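J.: Attaching a predicted model along with its sequence, questions to come.
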Amino acid sequence: MGKIGSGLRLVAVLVTVVALSACAVRYRDHGYVPRDEDLARITVGESTREDVARAVGRPSTTGLLTGGAWYYVGSRFRLYGPREPEEIDRQVVAISFDDRGVVENVERFGLEDGKVVALSRRVTDSNIKGVGILRQLLGNLGNVSAAQLVNE
């Protein structure tokens with residue numbers, strides 16, 4: 001019985017060590033945000049897109065509006081055991097350009113400045129709000145022309 005008891009103790013210790021190591025906090029970084037020293041090499045009103053690309057690199061995200069902007073986004077997540085990852089830090093550097101491609105503004109935003117923005121929505125706007133199904137069906141009765149009937 002001594003061998004079985006010591007074997008069970010060893011298994012119990014191993015299970016405890018594995019369970020405790022699974023609960024260790026881990027951190028994961030995503031994205032890239034230029035350092036302040038690199039951003040200092042950019043001069044508002046003088047630097048061009050190519051100057052910015054040389055100083056801090058090209059971004060993964062750009063704006064679509066006139067002149068556009070370059071966005072550098074970096075996030076830090078805390079992972080703890082089986083829990084959902086928690087974003088603990090986010091930095092966004094936005095460099096906007098005028099129509100000539102010259103730097104117009106350089107801004108840095110943190111997680112505390114952020115708002116939830118829906119980047120994609122699968123909602124179709126409909127003009128039939130408040131119209132019942134019977135009215136929709138009866139409303140189409142007069143919309144069929146003779147040309148449509150002949151072509152069918």
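T.: Happy to help now that I have it. Remember, predicted model here, so these are calculated numbers, not experimental data.
J.: For the rest of this, base every contact and every neighbour count on C-alpha atoms.
T.: Will do.
J.: What are the boundaries of the strands in this structure?
T.: 25-31, 61-62, 69-80, 86-97, 103-110 (DSSP state E).
J.: lowest-confidence stretch among those?
T.: Ranked by mean pLDDT, those end with strand 61-62 in last place, scoring a mean of 74.
J.: Can you name every helix or strand that that strand contacts?
T.: strand 69-80 (3 or more Cα pairs under 8 Å, 6 or more residues apart in numbering; DSSP states H and E).
J.: G74: what's its closest spatial neighbour, skipping adjacent residues?
T.: G31 (4.2 Å; Cα to Cα, 6 or more residues apart in numbering).
J.: The strands of the chain: which one's closest to S47?
T.: Ranking the strands of the chain by proximity to S47 (Cα to Cα) places strand 103-110 first, at 5.6 Å.
J.: okay if I get the strands of the chain as JSON lines plus distance to E37 and mean neighbour count?
T.: JSON lines is the format used below for the strands of the chain (distance: least, Cα to Cα, whole Å; neighbours: other Cα atoms under 10 Å):
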{"stretch": "strand 25-31", "distance to E37": "18", "mean neighbour count": "12"}
{"stretch": "strand 61-62", "distance to E37": "21", "mean neighbour count": "14"}
{"stretch": "strand 69-80", "distance to E37": "15", "mean neighbour count": "19"}
{"stretch": "strand 86-97", "distance to E37": "13", "mean neighbour count": "19"}
{"stretch": "strand 103-110", "distance to E37": "13", "mean neighbour count": "16"}
